[in-house]
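Colleague: okay, here's the prediction I keep looking at, along with the sequence it came from:
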Amino acid sequence: LGLAVASFQGLFRNPLADPYLMGSAAGAAFAVTLLASLLGGLAPAFAQQAIFQSLPLSATLFGFLGALSATFLTLVLAGGAARTGELVLAGVVVGSVLTGATTYLMMQDADRVRAVFAYTLGNLAFMGWPSVKAMVLFFLLALPPLLLLGRVLNALQLGEEVARSMGLPLEGLKLLLLLAASLLVAAAVAQAGIIGFVGLITPHLLRRFLGEDYRLLLPASALGGAALLALADLLARTLTRPAELPVGVMTTLLGGPFFLYLMWRRRGRA
């Protein structure tokens, strides 16, 4: 998630570009839930096990299509990537509609109501070794192109016209960036549900130490996102002991105020 969001922010030149806010995470969750529903794989007790452990690759591929479709829909509704306020608003609308559709699919059986909320909030209790192996596979597929495109993201920060003047085939490279980042989002959502704000916080904190060079920021965001999630999981397991909060709740509690701070700072600059 940290790597995916750093790529989104560089691609759209928007510090608020986050899968949680742009609807792509909700799109992935809806597609994965639809697949499991069609296959009859939603056992009432799935909250205590890896939901899609028996079909991790298919779940991620379905989630990839859902995340990509939701991102494109958000961009269309916002009128382009450059319109920051509209982008976030459109993403919230798309995410809300898709989350509602996901809940509708799951509530066809009353026994599944509790489980759907645990899943949509994000929960590492779903994870098993098959899930980890699937995530490693997709991470290794997406990591090389994203790292190689660090220079392209650096060029995009100067504006598309400047990047084109360097002879870069921008349309193809931007599509490759979008595909790789969406694949990472889909892999995370398919196995752990919607965990918000991990990617939004991490790149912003790291920019204070590493600057704006995406050749450094991308791999650092991958490590930073993992560290932030581990910290959030530790807090989720200890603050309400013996109960355990879904880790997505904890990241939202951390990320919500951080998002408001970013909005306040941008408004102050304007």
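Modeller: Cool, the structure landed. Residues are numbered from 1 along each chain as shown.

Colleague: what is the burial count for residue 106?
Modeller: 22 (other Cβ atoms under 10 Å). Any C-beta I mention is one placed from the backbone N, CA and C, and that applies to glycine too.

Colleague: repeat for residue 176
Modeller: Neighbours of residue 176 under the rule other Cβ under 10 Å: 16.

Colleague: go on, residue 245?
Modeller: Residue 245 has 18 neighbouring residues, counting by other Cβ under 10 Å.

Colleague: ditto for residue 216
Modeller: Counted with other Cβ under 10 Å, residues neighbouring residue 216 total 14.

Colleague: please enumerate the helices of the protein.
Modeller: Assigned by DSSP state H, the chain shows helices spanning 2-12, 19-22, 24-39, 56-78, 84-106, 113-121, 129-148, 150-156, 160-165, 170-192, 198-210, 214-238, 247-269.

Colleague: how much space separates the residue nearest to residue 93 when sequence neighbours are not counted from residue 24?
Modeller: Leaving aside its sequence neighbours, residue 93 sits nearest to residue 77 (Cβ to Cβ, 6 or more residues apart in numbering; 7.0 Å). According to Cβ to Cβ, to the nearest Å, residue 77 stands 13 Å off from residue 24.

Colleague: ok, now residue 188?
Modeller: Going from residue 188 to residue 24 by Cβ to Cβ gives 11 Å.

Colleague: of the two, who's got more company?
Modeller: residue 24 (35 against 28).

Colleague: okay, now residue 34: neighbour count?
Modeller: 16.

Colleague: that one contacts residue 62, correct?
Modeller: Yes. Using Cβ atoms under 8 Å, residue 34 is in contact with residue 62, at 7.2 Å.

Colleague: coming back round to it: who are the neighbours in contact with the residue nearest to residue 93?
Modeller: 86, 90, 93, 94 (Cβ atoms under 8 Å, 6 or more residues apart in numbering).

Colleague: quick one, what contacts the second one?
Modeller: For residue 90, the contact set (Cβ under 8 Å, 6+ apart) comprises 23, 73, 74, 75, 77, 78.

Colleague: need the per-residue pLDDT for the fourth one.
Modeller: To tie it back to what came earlier, the one meant is residue 75. Residue 75 carries a pLDDT score of 83 in this model.
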